[in-house]
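>>> Pasted the sequence and its predicted model underneath.
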There are 2 protein chains.
Amino acid sequence: MARHAAAAGEHGGMPGGNGGRRVPARDRVFDELCHWLLTGRIVPGRGVTLRGLAAELGVSPMPVREAIHRLAAEQALEIGPTGRIHVPAMSAARFEEIVRVRVLLEPEIAARALPHVDKALLATLKAIDAGIDRSLETGDVESYMQLNHDFHFGIYGAASSDVMLPLIESIWLQFGPFMRTVYGRVGTSHMIDQHELALAAIAAGDVEGLKGAIAGDILDGMQLLGLAIVGEESAAADGGGARPFDNP
Amino acid sequence: MARHAAAAGEHGGMPGGNGGRRVPARDRVFDELCHWLLTGRIVPGRGVTLRGLAAELGVSPMPVREAIHRLAAEQALEIGPTGRIHVPAMSAARFEEIVRVRVLLEPEIAARALPHVDKALLATLKAIDAGIDRSLETGDVESYMQLNHDFHFGIYGAASSDVMLPLIESIWLQFGPFMRTVYGRVGTSHMIDQHELALAAIAAGDVEGLKGAIAGDILDGMQLLGLAIVGEESAAADGGGARPFDNP
DNA sequence: CTTTCGGAAATGTGATCACATTCACGATGG
DNA sequence: CCATCGTGAATGTGATCACATTTCCGAAAG
């Protein structure tokens, strides 16, 4: 999830002779909020406030404000008419569009990444996929979502892309919160393992096979989400709906 | 460039009977900067500073900061390692990717918009296209860029899209500044008028015709830009750039 | 018991300030 | 004449403050 090059690795404030640049608090907050969105810690229905997040993150409301507005710019959060911040509502139409964009862009970037995937990365991807299977068995949703993200962006990142990659990240941030709310209710184990197909295609240098596997993976996973969302919508009369979790 | 519904028209504080909500300064600044980027008022190489823009726009640096960071989030501006703000450099690779994404997304959204284009909108589009021809004759680059933008987003906007439209707007913001720097040097008049084809396809309800016209328009226009950029980059070490487009 | 009203708490916004860092320009030394 | 260095101006960042608006909760009225 490193949207900022300098983000990784820093583990402590060491103002002295660190080779890297100083990471602005705004970027750290942004990365943290991205993580929360993608792993489902921020879910629809919960209030999101500047001062609340600021206190939780140990910074002033200022960097939080910038991170929030950046997320709003990417449609990952929404700023209501009165300025209130909330997770945008998902609809069947919106969801269908997300799937369409994913199927258009992600196989494309995967194809562009293929030539740059080396042995080491392939091994990493295999390890991630093994971790995914493990998470599915144990039912660790948060771990699954994290690893699934890592798997996809592990591939996509190999295509050094300043254009497509941010767009795809934006899309993921938009459906991330809903994966968490939905994955508890639908089965995930009967899916064909498109990740295996993708790995095989990568190993074989099969561009079309890779594109097909990515598209298949998207359609499989999103179909599950889509069914749940559509079902939720038709039963829309129930008040704000279940809030599966709360934030500490 | 109306990214925010309530933005247009407000010219003074009139707390009384205005039906709309108050528009935050941050959004007004953002819209203004978008306009400047898309019409070429902000071009690569010029310094962009917070306080400078703030003074120019008559606000404090605060709303400018947020607008700038939002533009940076959409890759329309870049924040250097030291925090300095500048227009990102264009490269052949980056440009090719932009074209690819445009060809993937814009025909798609146009197709989705087609069923919602009514007579009134079609008439508006024809008027815009006439204005474009006029701008090309008189060589009014800024007017041309504005109208070309209006033409495309006039169509795209008809597809009520919360997902694809922001992505496309982000892409336009990325190549906007370079259109201005380049359009002075290349001819534009020999282009096939793909806009006419698009209008005819809309009138006929021809989805595939519309998608083809949009794609053709993108490829025609961007090919001009691409040639100029590649030539600018350095004729010597061409690297893989030389095939800016393959097809959809 | 339901509805309405009022005020206190909370929220986002924007301005100003202090500060570390960086850039630009001129002086100085070779 | 050119390179190097130092000082001052400028820049982005983050915190704090004041304020208009909104939301929320409880009391009072029907």
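Thanks, I have it.

>>> So for residue A:51, what's the nearest residue that isn't a sequence neighbour?
residue A:61 (5.4 Å; CB to CB, 6 or more residues apart in numbering or on different chains). All C-beta atoms are positioned from the backbone trio N, CA, C, and that covers glycine.

>>> The one you found contacts residue A:67, correct?
No: with contact defined as CB atoms under 8 Å, residue A:61 and residue A:67 do not form a contacting pair (10.6 Å).

>>> Compare these two (neighbour count), which wins?
Set side by side, residue A:61 and residue A:67 show more neighbours around residue A:67, with 27 against 15, by other CB atoms under 10 Å in any protein chain shown.

>>> What strand or helix carries that one?
Residue A:67 is part of helix A:61-73, with elements assigned from DSSP states H and E.

>>> Buried residues in that helix, which are they?
Buried residues in helix A:61-73, defined by neighbour count with 16 or more other CB atoms under 10 Å in any protein chain shown: A:63-73.

>>> Now render the residues you listed as a markdown table, adding pLDDT and distance to chain B.
A markdown table is the format used below for the buried residues of helix A:61-73 (pLDDT from 0 to 100; distance: CB to the nearest CB, whole Å):
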| residue | pLDDT | distance to chain B |
| --- | --- | --- |
| A:63 | 96 | 11 |
| A:64 | 96 | 12 |
| A:65 | 96 | 7 |
| A:66 | 95 | 5 |
| A:67 | 96 | 9 |
| A:68 | 96 | 10 |
| A:69 | 95 | 5 |
| A:70 | 95 | 4 |
| A:71 | 95 | 8 |
| A:72 | 94 | 8 |
| A:73 | 92 | 4 |
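
>>> worst-scoring helix or strand of chain A, pLDDT-wise?
Taking mean pLDDT, DSSP states H and E as the measure, the helix or strand of chain A with the lowest value is helix A:207-234, at a mean of 80.

>>> Tell me how far residue A:200 lies from residue B:220.
Between residue A:200 and residue B:220 the computed distance is 40 Å (CB to CB, to the nearest Å).

>>> Could you do residue A:46 as well?
With distances taken as CB to CB, residue A:46 is found 48 Å from residue B:220.

>>> what's the closest non-adjacent residue to residue A:59?
Taking CB to CB, 6+ apart as the measure, residue A:59 lies nearest to residue A:25, with 5.2 Å between them; neighbours along the chain are not counted.

>>> And for that neighbour, the neighbour number?
The local packing count at residue A:25 equals 17, with neighbours defined by other CB under 10 Å.

>>> tell me the phi and psi of it?
phi -60, psi -40 (degrees, to the nearest 10).

>>> ok so, going back, specify which member of the buried residues of helix A:61-73 is nearest to residue B:215.
Within the buried residues of helix A:61-73, proximity to residue B:215 (CB to CB) peaks at residue A:73, which comes in at 27.5 Å.

>>> In contact with the closest residue to the closest one other than its chain neighbours, which residues are there?
Residue nearest to residue A:73 in three dimensions, not counting chain neighbours: residue B:70, with 4.4 Å by CB to CB, 6+ apart. For residue B:70, the contact set (CB atoms under 8 Å, 6 or more residues apart in numbering or on different chains) comprises A:69-70, A:73, B:30.

>>> For the residues you listed, give me TSV that also has distance to DNA strand D.
Written out in TSV, the entries for the contacts of residue B:70 read as follows (distance: CB to the nearest atom of the strand, whole Å):
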residue	distance to DNA strand D
A:69	12
A:70	12
A:73	15
B:30	15
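
>>> tell me the contacts of residue A:86?
A:44, A:47-48, A:77-78, A:80.

>>> quick one, strands of chain A?
Ranges of strands in chain A, per DSSP state E, are A:78-79, A:85-86.

>>> Make JSON lines out of those strands and add distance to DNA strand D and mean pLDDT.
Supplementary listing: the strands of chain A in JSON lines, determined by distance: least, CB to the nearest atom of the strand, whole Å; pLDDT from 0 to 100:
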{"stretch": "strand A:78-79", "distance to DNA strand D": "12", "mean pLDDT": "93"}
{"stretch": "strand A:85-86", "distance to DNA strand D": "10", "mean pLDDT": "92"}
